[in-house]
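*Asks:* below are the sequence and a predicted model; questions follow.
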There are 2 protein chains.
Amino acid sequence: MSIIIHGTVVSPFVRKVFVALEEKGIAYEKVDVRPLPRTDELFAKSPLGKIPVMEVEGTYVPDSSVICQYLERTHPSPALYPSAALSFARALFLEEYADTKVFEIATKPFFQRFVRPRIFKEEPDEPYIREVMENELPPVLDYLSGELGDDDFLIDNQFCIADIAVCSPFVNMQTLGSEHVDAERWPKFSAYLERVLSRPAYKTAVAGLPDSTLKIK
Amino acid sequence: MSIIIHGTVVSPFVRKVFVALEEKGIAYEKVDVRPLPRTDELFAKSPLGKIPVMEVEGTYVPDSSVICQYLERTHPSPALYPSAALSFARALFLEEYADTKVFEIATKPFFQRFVRPRIFKEEPDEPYIREVMENELPPVLDYLSGELGDDDFLIDNQFCIADIAVCSPFVNMQTLGSEHVDAERWPKFSAYLERVLSRPAYKTAVAGLPDSTLKIK
């Protein structure tokens, strides 16, 4: 069964899927698809017009959360979801929190400094970035730090889908958005982020990321 | 293990959970919680400030999709998720499509005619409702009709979570928003909606719905 992932590693959602595939040691191919502009070709594969889309078994499966659960069913080992029901539910909720709230806030510096100049030919709004970093991001980091506690990973101290999802938007913030988590204010979460992002699977998955300092075309 | 669901059946997401519980024959209690205004008490149980929240095993689990998967793990029979990996993935994607796109569009008449007068003390925007029904809803019904084909249910002709999720926002549209799916234009989808909403579990779950003609307080 061959797996093709349509998308770009610049997307935190595509990156989630690449990391899951790498962690499980599943072979896959990549087809570069950008989410903007949303073409009819993209909508034909992905009814919500989003990436990633997985091409498998002769069909297209959109949505990073769906794809990761599919991979867990077809390639259960190593497990990326907790087996205990309540831990499984906590992992799914943290994945949802990551894919909505963390994505929304942590990717704003990336949107302003990386996407906006390249796609919309506009300057980044630096005062807005400061506002986000000073007011919107701290409650998210406080919540995630509380969930992490003194552990190495978010759920039962075992690496899982929640860690893949939560850390992915921070790649956009740090690598492509040039903003960082304050290691003095959130030392445990900062160390956690480094722990997850330095895993071989994460390093391989983000290898194709463009340099944030690339000149605008 | 006792299960308490915090929310209100007016929410299509809370309703999804009630239907899943009824289909599986799981006993549960309800605590009436409204999503607006988003109180600190709600955020303490639900970090995204949304309902439903499940209280179980001494903790709170938010998000209807997460709760339904938890219920499937703890009460596997009758199954509400397909067992084949690709069918499982298709069901999860249709649930996501329902919870985002169908929710966004099908609940607009409900928001205008039910929520807006009661919560915001404003008149419904009737021209906007017509615009939604004539332009936004048809592509959604076309897509869902294509997924359904000639079958009784969306995935492998077996009732599953996708059916629960897809039909739930239409309760808001029809019962609380006083707009209907055109049975002449979408006869199969219209019959499908009736088929799902007339299941005993659905009827029991929506029994507490207010009357859309209730006078504004």
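*Replies:* Sure thing, it's come through.
*Asks:* strands along chain A, start to end?
*Replies:* For chain A, the strands defined by DSSP state E cover A:4-7, A:29-32, A:53-56, A:59-62.
*Asks:* can you list contacts of the third one?
*Replies:* This points to strand A:53-56. Strand A:53-56 is contacted from outside by A:1-7, A:17, A:31, A:33, A:42, A:45-46, A:60-62, A:67, A:70, B:86, using CB atoms under 8 Å, 6 or more residues apart in numbering or on different chains. All C-beta spots, glycine's among them, are computed from the backbone N, C-alpha and C.
*Asks:* tell me how chain A divides into domains.
*Replies:* A:4-74, A:85-199 (automatic domain parsing).
*Asks:* show me which residues of chain A are close to chain B?
*Replies:* A:47-48, A:56-57, A:59, A:61-63, A:65-67, A:69-70, A:73-74, A:85-86, A:88-90, A:92-93, A:96-97, A:100-101, A:143 (CB under 8 Å from any CB of the partner chain).
*Asks:* so in chain A, where's the weakest helix or strand by average pLDDT?
*Replies:* helix A:116-120 (a mean of 90; mean pLDDT, DSSP states H and E).
*Asks:* is it true that residue A:177 touches residue A:109?
*Replies:* Yes. Between residue A:177 and residue A:109 there is a contact under CB atoms under 8 Å: 3.2 Å.
*Asks:* now list the buried members of the contacts of strand A:53-56.
*Replies:* A:3, A:5-7, A:17, A:33, A:42, A:45-46, A:60-62, A:67, A:70, B:86 (16 or more other CB atoms under 10 Å in any protein chain shown).
*Asks:* what about chain A, which residue is the most distant from its middle?
*Replies:* Within chain A, the residue lying farthest from the chain centre (CA atoms, centre = their mean) is residue A:58, at 26.0 Å.
*Asks:* so what's that residue scoring on pLDDT?
*Replies:* pLDDT for residue A:58: 91.
*Asks:* run a quick neighbour tally on the closest residue to residue A:94 other than its chain neighbours.
*Replies:* Of all residues not flanking residue A:94 in the chain, residue A:162 sits nearest, at 3.8 Å (CB to CB, 6 or more residues apart in numbering or on different chains). Look at residue A:162: counted by other CB atoms under 10 Å in any protein chain shown, it has 27 neighbours.
*Asks:* could you do residue A:178 as well?
*Replies:* With other CB under 10 Å as criterion, residue A:178 counts 16.
*Asks:* roughly how far does it sit from chain B?
*Replies:* 27 Å (CB to the nearest CB, to the nearest Å).
*Asks:* confirm for me that that residue is in contact with residue A:109.
*Replies:* Yes. Counting by CB under 8 Å, residue A:178 does reach residue A:109; the two are 6.7 Å apart.
*Asks:* hmm, back to that, could the domains of chain A be laid out in a markdown table, adding distance to residue A:206?
*Replies:* Listed next are the domains of chain A as a markdown table, based on distance: least, CB to CB, whole Å:
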| stretch | distance to residue A:206 |
| --- | --- |
| domain A:4-74 | 6 |
| domain A:85-199 | 6 |
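*Asks:* which of those sits closest to residue B:22?
*Replies:* domain A:85-199 (19.6 Å; CB to CB).
*Asks:* tally up the residues packed near residue A:98, please.
*Replies:* Counted with other CB under 10 Å, residue A:98 comes out at 28.
*Asks:* surely it and residue A:171 touch.
*Replies:* No. The criterion here is CB under 8 Å, and residue A:98 misses it with residue A:171 at 12.0 Å.
*Asks:* and stretch A:67-75, how far out from the chain's middle?
*Replies:* Distance of stretch A:67-75 from its chain centroid, counting by CA atoms, centre = their mean, to the nearest Å, is 17 Å.
*Asks:* residues contacting that stretch, please?
*Replies:* A:1, A:5, A:16-17, A:20-21, A:24, A:26, A:52, A:54, A:56, A:61, A:79-81, A:161, A:164, B:85-86, B:88-89, B:92.
*Asks:* what about it, average pLDDT?
*Replies:* 98.
*Asks:* what comes up buried for stretch A:116-124?
*Replies:* Buried-residue list, stretch A:116-124, by 16+ other CB under 10 Å: A:116, A:124.
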